[in-house]
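S.K.: sharing a model that was predicted from the sequence below.
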Amino acid sequence: MKYLLLLALLVVAYLLWRNARLARGAPPAGRKPDAAAGPQEMVSCPVCGLHLPRADAVTGADGLLYCSQEHRLSAGG
Ligand SMILES: [Zn+2]
């Protein structure tokens, strides 16, 4: 019974160590490489549905974000 407790303790310690390593270290293989460049908010144009960085978007009078001046104007903003 004593060994069972010790084994459980070792398993818990291993899981904690593994979680800490995953949280701090190497990202999983499936992750996008540009995520390292910093968080970048993506918005979608309500006219054509194009996704673009918020910094590149054109803000309309209604507060909506468009991909270009043409789409902002075509939406009546
Ligand atoms: Zn657009």
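M.R.: Done, it's in. Residues are numbered from 1 along each chain as shown.
S.K.: so where is the protein shaky, pLDDT-wise?
M.R.: For the chain, the stretches flagged by pLDDT under 70 are 1, 26-38, 77.
S.K.: same thing but 80
M.R.: Within the chain, the segments meeting pLDDT under 80 span 1, 22-39, 76-77.
S.K.: spell out which parts of it neighbour the ion.
M.R.: Residues of the chain found near the ion (CB under 5 Å from the ion) are C45, V47, C48, L50, C67, H71. To be clear about C-beta, it is placed using only N, CA and C from the backbone, and glycine gets the same treatment.
S.K.: and stretch 46-64, which residues are buried?
M.R.: Of all the residues in stretch 46-64, those buried under the rule 16 or more other CB atoms under 10 Å are P46, V47, L52, A57, V58, G60, L64.
S.K.: strands along this structure, start to end?
M.R.: Using DSSP state E, the strands found in the chain span residues 42-44, 51-53, 58-59, 65-66.
S.K.: which one, of the ones you listed, ends up nearest to L22?
M.R.: Closest approach to L22 among the strands of the chain (CB to CB): strand 42-44, 25.5 Å.
S.K.: wait, L64 sits on V58?
M.R.: No - contact criterion CB atoms under 8 Å: L64 and V58 do not qualify, at 9.4 Å.
S.K.: which one's the longest helix in this structure?
M.R.: helix 2-24 (DSSP state H).
S.K.: with just CA atoms, put that helix into CSV.
M.R.: The C-alpha trace of helix 2-24 is given here as CSV (Å, rounded to 0.1, in the frame of the first residue of the first chain):
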residue,chain,number,x,y,z
LYS,A,2,2.9,2.3,0.8
TYR,A,3,4.4,1.7,-2.7
LEU,A,4,1.1,2.5,-4.3
LEU,A,5,1.0,5.9,-2.6
LEU,A,6,4.5,6.6,-3.7
LEU,A,7,3.7,5.6,-7.3
ALA,A,8,0.7,7.9,-7.3
LEU,A,9,2.9,10.7,-6.0
LEU,A,10,5.4,10.1,-8.8
VAL,A,11,2.7,10.1,-11.4
VAL,A,12,1.3,13.4,-10.1
ALA,A,13,4.8,14.9,-10.0
TYR,A,14,5.5,13.7,-13.6
LEU,A,15,2.2,15.2,-14.8
LEU,A,16,2.9,18.5,-13.1
TRP,A,17,6.4,18.6,-14.6
ARG,A,18,5.1,17.8,-18.1
ASN,A,19,2.4,20.5,-17.9
ALA,A,20,4.9,23.1,-16.7
ARG,A,21,7.2,22.2,-19.6
LEU,A,22,4.5,22.4,-22.2
ALA,A,23,3.2,25.7,-20.9
ARG,A,24,6.6,27.4,-20.9
